[in-house]
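Novice: Quick one: sequence plus predicted model below, questions after.
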Amino acid sequence: MIVELEENHISDIAYAQMLAWRKAFSGILSEGLLASLKAEDFENIWKKIIQQAERKNLVWLNEEGKAFGFVSFGKPKDEKESADFEIYGIYVHPDHWNQKVGFKLMKSTTDYIHQHSPKSQVILWVMEKNQCSRKFYEQFGFLSSGLNRNATRNGEAFEEVQYSLTS
């Protein structure tokens, strides 16, 4: 079931995000950085995110009400960006990969955007070397816009590619 993020979901999604980072970014970010990740750090970030009214945060809950994945989106972070929406992140607990959780979260997101703003342009940024995520976005019709940028996470640099979709 997909619902709006509530404060009681933060611990679950922070833990899922930490594990997803460790698995998805293995070979992209250093193993030392990935091993040092703490769910509490992600929780602190989510406690700030939940306060931001301009963001929409959807979570996937199982039958027991435990959150195993999320998607977060809203207006583009870069004010110079001409797109209408940006997907900031979508992560699913690795134990639930290949179970259509990410698909359902992304479908809910693109459906929401289309219903509220037909013919919108949606962007997202993905690590250039993250082929698994790139294939996932391409299944939804996202295409590389041709824009790249240098980014850092926890002090490590990497290249990102922008993808876009017109809903």
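Specialist: Cool, the structure landed. Numbers count the residues shown, from 1 in each chain.
Novice: ok, for the residue positioned nearest the centre of the chain, nearest residue in space, not its chain neighbours?
Specialist: Residue closest to the average C-alpha location in the chain (C-alpha atoms, centre = their mean): G89, at 1.5 Å. In this structure, G89 finds its nearest non-sequential neighbour in S72, 5.2 Å apart by C-beta to C-beta, 6 or more residues apart in numbering. Backbone N, C-alpha and C define where each C-beta goes, glycine included.
Novice: is it fair to say that neighbour lies in a helix?
Specialist: No: S72 sits outside any helix when classified using DSSP: H, G, I helix; E, B strand; the rest coil, being strand.
Novice: check contacts around it.
Specialist: I49, R55, K56, N57, L58, I87, Y88, G89, I90 (C-beta atoms under 8 Å, 6 or more residues apart in numbering).
Novice: From what I see, the second one and P76 are in contact.
Specialist: Right, R55. No: R55 is beyond contact range of P76, at 11.8 Å (criterion: C-beta atoms under 8 Å).
Novice: In terms of neighbours, single out the busier of those two.
Specialist: The residue with more neighbours, out of R55 and P76, is P76; 18 against 15, by other C-beta atoms under 10 Å.
Novice: so what's E79 scoring on pLDDT?
Specialist: pLDDT, E79: 85.
Novice: And for S164?
Specialist: Note on S164: pLDDT of 97.
Novice: Can you report how many residues neighbour the nearest residue to S82 once chain neighbours are set aside?
Specialist: Distance criterion C-beta to C-beta, 6+ apart; nearest residue to S82, sequence neighbours excluded, is Q121 at 7.2 Å. Q121: 18 surrounding residues under other C-beta under 10 Å.
Novice: Q17 too?
Specialist: For Q17, using other C-beta under 10 Å, the count is 23.
Novice: What pLDDT does the model give it?
Specialist: 97.
Novice: Would you agree it is in contact with F42?
Specialist: Yes: when contacts are counted by C-beta under 8 Å, Q17 is listed as touching F42 (5.0 Å).
Novice: Which stretches in the chain count as helices?
Specialist: Under the criterion DSSP state H, the chain carries helices at the ranges 10-24, 31-36, 39-49, 101-116, 131-139.
Novice: I'd like to know which elements the last one is packed against.
Specialist: In this case it means helix 131-139. On a contact count with 3 or more C-beta pairs under 8 Å, 6 or more residues apart in numbering; DSSP states H and E, helix 131-139 meets helix 101-116, strand 121-127, strand 156-166.
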